[in-house]
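J.: no sequence for this one, just the structure:
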């Protein structure tokens with residue numbers, strides 16, 4: 001029987017976040033009215049266009065011309081003592097207490113719990129050995145549940161521990177230095193932020209800002225400009241405050257409030273509720289940085305892009321997935337799916353990396369952290385998915401002197417034990433990365449069965465670990481048992497596989513290992529009628 005060659009689509013913006021949501025597709029569209037080639041769609045909203053494409057992936061990122069696998073490279077080693085971490089933040093060190101001056105040192109700092117003693121300590125990344133270690137001197141008493149925030153003013157970093165106090169880090173003596181914030185009861189304060197030369201402190205029901213002359217002076221004064229009070233526009237308890245180029249955005253349980261700099265030292269801030277904004281449940285559900293003047297936040301209204309002037313609800317397919325209670329994973333070794341239903345909602349964290357990638361980390365409620373992360377490439381308007389156990393995703397900058405360019409090595413995951421690894425796009429590593437891509441579901445016409453005969457793949461390097469399988473579905477919905485392809489030939493960056501998996505209502509392709517897929521051509525044949 002004559003074979004029908006078919007080149008597949010590798011340019012889809014997104015893919016279903018549950019494989020069961022992939023509808024039957026058809027290559028010969030004459031019998032279907034789903035696919036309209038001339039109609040475009042909003043890049044943020046997936047549309048069932050009837051085209052066979054990716055419907056499951058992990059450790060896969062979109063490339064300019066298709067999909068590529070990624071790997072993970074360790075960058076910060078875990079500390080010698082067994083420790084539990086929560087998140088990491090970049091800090092700039094300061095020398096002196098009377099006239100504090102920047103030392104030029106920068107590194108990452110985190111709160112870690114020493115498992116042996118049960119006590120919490122501040123840890124820093126040693127720039128010489130690139131490992132986490134306890135800071136030697138000045139460690140404050142840090143209760144469980146303490147949250148660390150940082151605020152950068154005049155080249156130095158104020159490190160604030162919720163309910164504990166404000167501190168500097170002096171790298172020349174490896175010591176934490178206590179700072180006094182006049183006019184504040186630090187036992188009530190949740191965190192600090194900075195903008196336009198001011199420090200901004202908040203507690204659940206009020207905010208305070210410093211004098212611009214002395215950022216450690218929060219005593220209300222018409223002369224210094226320091227002040228504060230309750231936020232009339234707040235629709236609930238204040239969860240967090242994020243700095244912007246114009247001031248701050250206050251995120252509460254019910255809405256977001258814009259705080260913009262007025263230029264008037266006597267009344268420096270203007271407060272206004274942001275129309276359409278939802279509330280947030282956790283500070284981790286708001287990005288620390290902005291993209292085009294807006295934060296990304298997971299709110300009571302779903303995923304939103306929030307700026308001082310407007311709110312835009314975005315990525316509804318991700319909102320619907322995270323708002324559900326079904327967790328799906330694929331086992332690389334057994335080639336099987338696992339499905340878990342749970343009560344409650346996913347654990348979530350949102351990060352912005354390199355002003356390009358929105359990282360939505362998620363995990364089941366009973367887990368100790370996050371197991372997966374969805375990556376939305378804002379430049380390409382496409383999506384990838386990563387599988388790596390972590391407690392925090394952050395935008396890593398190179399902390400070694402003289403080296404600043406890490407644009408393709410900036411997505412970094414902090415493990416619960418402190419081990420940190422960045423996402424490596426380099427395909428020269430021949431080792432597998434637990435990367436999986438499933439393409440389908442292929443069917444020539446609605447009235448006939450189909451059989452996959454062969455596939456030709458481009459950009460699989462010689463010597464790398466790679467496997468290719470086919471699925472044949474007998475009911476059109478369930479995939480069936482994967483059948484390994486027979487490697488007919490391979491050349492420079494190409495592989496050609498044959499299959500003998502029989503016919504079914506539709507078939508799919510499973511790719512595992514290391515690849516930078518820019519094209520695949522299938523040869524299919526018709527089977528009997530059904």
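T.: Yep, it's here. Given the structure is predicted, the values throughout are model-derived calculations rather than measurements. Numbering: from 1, shown residues only.
J.: Number of residues surrounding residue 27?
T.: Per other CB atoms under 10 Å, the neighbour tally for residue 27 reads 19. Backbone N, C-alpha and C define where each C-beta goes, glycine included.
J.: Ok, residue 99 next?
T.: Other residues near residue 99 come to 6 when the count uses other CB under 10 Å.
J.: ditto for residue 528
T.: 7.
J.: Quick check: residue 388 touching residue 72?
T.: Yes: using CB atoms under 8 Å, residue 388 is in contact with residue 72, at 6.1 Å.
J.: Find residues that contact each of these two.
T.: 413, 421 (CB atoms under 8 Å, 6 or more residues apart in numbering).
J.: Which strand residues bridge residue 382?
T.: In this entry, residue 382 is beta-bridged to residue 377, by DSSP bridges.
J.: and it, what does it touch?
T.: 11, 12, 13, 14, 43, 62, 376.
J.: Residue 250 versus the nearest residue to residue 256 once chain neighbours are set aside, what's the distance?
T.: Of all residues not flanking residue 256 in the chain, residue 277 sits nearest, at 3.8 Å (CB to CB, 6 or more residues apart in numbering). Using CB to CB, to the nearest Å, we find residue 277 at a distance of 10 Å from residue 250.
J.: Mind listing the shared neighbours of the two?
T.: Contacts common to residue 277 and residue 250, judged by CB under 8 Å, 6+ apart, are residue 256.
J.: In the stretch 151-300 of the chain, what residue spans correspond to strands?
T.: Along the stretch 151-300 of the chain, counting by DSSP state E, counting those that start in this stretch, strands occupy 156-161, 165-170, 175-179, 191-195, 198-203, 206-209, 227-229, 238-243, 247-252, 256-261, 269-273, 295-299.
J.: Quick one, grab the pLDDT at residue 319.
T.: Residue 319 is assigned 93 on the pLDDT scale.
J.: wait, what's in contact with it?
T.: Counting by CB under 8 Å, 6+ apart, residue 319 has contacts 298, 302, 303, 313.
J.: May I have the secondary structure class of it?
T.: Here residue 319 takes the helix state, with states given by DSSP: H, G, I helix; E, B strand; the rest coil.
J.: Quick check: buried residues in stretch 349-367?
T.: 349-354, 356-364 (16 or more other CB atoms under 10 Å).
J.: Which of those fall in strands?
T.: Judged by DSSP state E, the buried residues of stretch 349-367 include 349, 350, 351, 352, 353, 357, 358, 359, 360, 361, 362, 363 as members of strands.
J.: Output these in a markdown table; the columns should cover pLDDT.
T.: Output for those, formatted as a markdown table (pLDDT from 0 to 100):
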| residue | pLDDT |
| --- | --- |
| 349 | 96 |
| 350 | 97 |
| 351 | 97 |
| 352 | 96 |
| 353 | 94 |
| 357 | 95 |
| 358 | 96 |
| 359 | 97 |
| 360 | 97 |
| 361 | 97 |
| 362 | 96 |
| 363 | 94 |
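J.: re the thing from before, could you dump the strands of the stretch 151-300 of the chain into TSV and include distance to residue 287 and mean pLDDT?
T.: What follows is the strands of the stretch 151-300 of the chain, written out as TSV (distance: least, CB to CB, whole Å; pLDDT from 0 to 100):
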stretch	distance to residue 287	mean pLDDT
strand 156-161	19	95
strand 165-170	24	96
strand 175-179	27	95
strand 191-195	14	96
strand 198-203	18	96
strand 206-209	20	97
strand 227-229	25	94
strand 238-243	8	97
strand 247-252	11	97
strand 256-261	13	96
strand 269-273	20	95
strand 295-299	5	97
